[in-house]
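J.: Task: produce atomic coordinates for the following.
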Amino acid sequence: MSKAKTILSWVLRIVSAVILLQTLFFKFTAAPESVYIFSKIGLEPFGRIGIGVGELIASILILLNPTKILGALLAIGLMSGAIFFHLTVLGVVVMNDGGLLLTYAALVWIASSTVVLLDRNELAMMLTQIRNLIEPDKSKSL
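T.: Residues are numbered from 1 along each chain as shown. Predicted coordinates:
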C-alpha cells in the first residue's frame, strides 16, 4: 500500500474507532438517550449492552493492523443496523440531537467501507484463505 493510502487508512480507522468508543459511555452507563433508543426498537437492555460490546470489539479490531478488515466489516454491519433503525423506527432526529447520532453512524459506515475498499486485495486474500479452510484442495490429498 502506498504511503498516502496507508495514512488515509489510519485516519479513517481512527475516526471510526473514536466515534465508536465515545458512544460506549452512553450505552454502558444506561444514559437516557441510549435507553430510549433501545427501548424504542425493542432491544433494551440486552441489545444496548450487546451492541456496545460489538462496537468495542470493532473499534479494537479496526485499530490493529492484522485485523483492520474484520473490524471495519463489523463496524459496517453494526452501523448498517443503526442507519436502518434511524430510517425506519427512530427517525433522523432522536431526542433533539439534531441528527447527530445518524450522522455519526453514517460517518463510521463510510470510513469503514473506505478502509475495506482501500484494502480490498487483503480482503480477497482473507476470503480465499477461509474458502481453502472450508473446501481444501482435494487434488493435494490424492
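J.: CA only for contacts and neighbour counts going forward, please
T.: OK.
J.: all helices for the protein, in order.
T.: Here the chain has its helices, by DSSP state H, at 3-28, 32-40, 46-63, 68-85, 100-118, 120-134.
J.: Could you report the pLDDT at residue 115?
T.: As predicted, residue 115 sits at a pLDDT of 96.
J.: Ok, residue 91 next?
T.: On the pLDDT scale, residue 91 is placed at 95.
J.: How about the contacts made by it?
T.: By CA atoms under 8 Å, 6 or more residues apart in numbering, the contact list for residue 91 reads residue 85.
J.: one step back: export the helices of the chain to JSON lines and append columns for mean neighbour count and distance to residue 92.
T.: Output for the helices of the chain, formatted as JSON lines (neighbours: other CA atoms under 10 Å; distance: least, CA to CA, whole Å):
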{"stretch": "helix 3-28", "mean neighbour count": "17", "distance to residue 92": "17"}
{"stretch": "helix 32-40", "mean neighbour count": "16", "distance to residue 92": "12"}
{"stretch": "helix 46-63", "mean neighbour count": "19", "distance to residue 92": "19"}
{"stretch": "helix 68-85", "mean neighbour count": "21", "distance to residue 92": "9"}
{"stretch": "helix 100-118", "mean neighbour count": "20", "distance to residue 92": "6"}
{"stretch": "helix 120-134", "mean neighbour count": "12", "distance to residue 92": "31"}
